[in-house]
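S.K.: build the 3D model from these lines:
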Amino acid sequence: MPKNIFEQDFAVFDTETTGLNPSQGDRIIEIAAERLHDAQVTATFERLVNPGRPVSEAAYAVNGISEEMLASAPRMDTVMPEFLEFVQGCILCSYNAPFDMGFLLNEISLTGASLPEDTLVVDVLKMARRLLPGMPRYALWFVAQSLGVGQKQQHRALSDVSLTREVFNRLLDIAELKGIRQGDVFKQLFCFGSSALQGLTLQKIARIQEAIGLGVKLKIRYLAGCNAEVTEREVTPREIRQEKDRAYLVGHCSLRSQERTFRVDNILQIEIAGPS
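M.R.: Numbers count the residues shown, from 1 in each chain. Here you go, the predicted structure:
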């Protein structure tokens, strides 16, 4: 990946489905994507898909896609290879990505295809929560409205891709203003899906443990969860604490002159500051 995240190609995608549970047999009925380079759309993909099963009344009420519209549409074993070729070499990007990825991975497994092991996925919802903390809700339409995007959510794949792309680009602008432009930092904050991310966390932990062993202070740039403010701090590290699937640095913070706890994945930069 390029060191600067803004040099990377993204593929913003969205799905419409027969229902909410791929584990219970629900399938994708529409999939769309836009390839982005330097925040500009370079290509567009849109397909209806015949799922081979009924569309639930609840799904139809949301997206308006009827079984009649799908009768002559291609099956997923035709559409999936086209989609995977379209997004090749991109970081995938979706709003509430775990939902769309759950369906996408289910369809991939059913067709016998596969995603590259190093595929990364940006969850734009996660970006919104981290960069815009304290909002009363994080529905796509509400975040879009809050960011000044005039387009409305229509619950069709390509229109929702377009709306997500507008939100994503505005959030990228906010991230850049906070100095979040390095690829590794961006990945740790907003992506999931690659073992490389775990390796980046382990590198930080190793650096912190080295500082503890040497008895030296650390200088860190940190993204605060409460207000998304990026600050520079000097910390005398005491320990690494593991809670569930997250690692925390515990140490004395010079800025607050008290012991503080920092999420390791929110540490944007870390270096040795000097003797403690």
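S.K.: can you give me the mean pLDDT across the strand or helix carrying E232?
M.R.: For E232, the host element (DSSP states H and E) is strand 230-243. Mean pLDDT, strand 230-243: 93.
S.K.: sheet-wise, list the partners of it with their directions.
M.R.: Partners of strand 230-243 in the sheet, by DSSP bridges, are strand 216-223 (antiparallel), strand 246-253 (antiparallel).
S.K.: out of these, which gets nearest to R35?
M.R.: Closest to R35 of the strands paired with strand 230-243 is strand 216-223 (CB to CB; 28.1 Å). Quick note: C-beta positions are derived from backbone N, CA and C, even for glycine.
S.K.: show me what that closest one is in contact with.
M.R.: Strand 216-223 is contacted from outside by 130, 178-180, 189, 207-208, 211, 229-237, 249, 251, 254, 262, 266-276, using CB atoms under 8 Å, 6 or more residues apart in numbering.
S.K.: residue ranges with poor pLDDT in this structure?
M.R.: 1-3, 194-197, 276 (pLDDT under 70).
S.K.: please enumerate the strands of it.
M.R.: Shown for the chain, the strands assigned by DSSP state E span residues 10-17, 28-37, 40-48, 91-94, 121-123, 191-192, 216-223, 230-243, 246-253, 258-263, 267-275.
S.K.: tabulate these (TSV), appending distance to A113 and mean neighbour count.
M.R.: Output for the strands of the chain, formatted as TSV (distance: least, CB to CB, whole Å; neighbours: other CB atoms under 10 Å):
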stretch	distance to A113	mean neighbour count
strand 10-17	15	26
strand 28-37	13	23
strand 40-48	15	15
strand 91-94	14	25
strand 121-123	16	24
strand 191-192	20	19
strand 216-223	36	20
strand 230-243	36	16
strand 246-253	32	19
strand 258-263	35	15
strand 267-275	36	15
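S.K.: figure out which of the ones you listed is closest to I108.
M.R.: Set against I108 and scored by CB to CB, the strands of the chain come closest in strand 28-37, at 10.5 Å.
S.K.: ok, back up a step: now the strands of the chain in CSV, with distance to T164?
M.R.: Formatted as CSV, the strands of the chain follow (distance: least, CB to CB, whole Å):
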stretch, distance to T164
strand 10-17, 5
strand 28-37, 9
strand 40-48, 12
strand 91-94, 7
strand 121-123, 10
strand 191-192, 15
strand 216-223, 22
strand 230-243, 25
strand 246-253, 27
strand 258-263, 26
strand 267-275, 25
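S.K.: mind checking which of those is nearest T111?
M.R.: With CB to CB as the criterion, T111 lies closest to strand 28-37 of these, at 10.9 Å.
S.K.: compare the strands of the chain and give me the one nearest A61.
M.R.: Using CB to CB, the strands of the chain put strand 10-17 closest to A61, at 12.2 Å.
S.K.: so how far is I28 from R53?
M.R.: Using CB to CB, to the nearest Å, R53 is found at 11 Å from I28.
S.K.: again with A228
M.R.: Noted for A228: a distance of 34 Å to I28, by CB to CB.
S.K.: what about dumping the CA coordinates of stretch 55-63 to PDB?
M.R.: What follows is stretch 55-63 as a C-alpha-only set of coordinates in PDB (Å, rounded to 0.1, in the frame of the first residue of the first chain):
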ATOM      1  CA  VAL A  55     -37.600 -11.600  -1.800                       C
ATOM      2  CA  SER A  56     -39.100 -10.900   1.700                       C
ATOM      3  CA  GLU A  57     -41.900  -8.400   2.000                       C
ATOM      4  CA  ALA A  58     -39.800  -6.400   4.400                       C
ATOM      5  CA  ALA A  59     -36.900  -6.200   1.900                       C
ATOM      6  CA  TYR A  60     -39.200  -5.200  -0.900                       C
ATOM      7  CA  ALA A  61     -40.700  -2.500   1.300                       C
ATOM      8  CA  VAL A  62     -37.200  -1.000   1.700                       C
ATOM      9  CA  ASN A  63     -35.600  -1.300  -1.700                       C
END
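S.K.: residues touching the closest residue to L171 other than its chain neighbours, list them.
M.R.: Leaving aside its sequence neighbours, L171 sits nearest to M127 (CB to CB, 6 or more residues apart in numbering; 4.7 Å). Neighbour list for M127: F168, L171, A175, L189, F190 [criterion: CB under 8 Å, 6+ apart].
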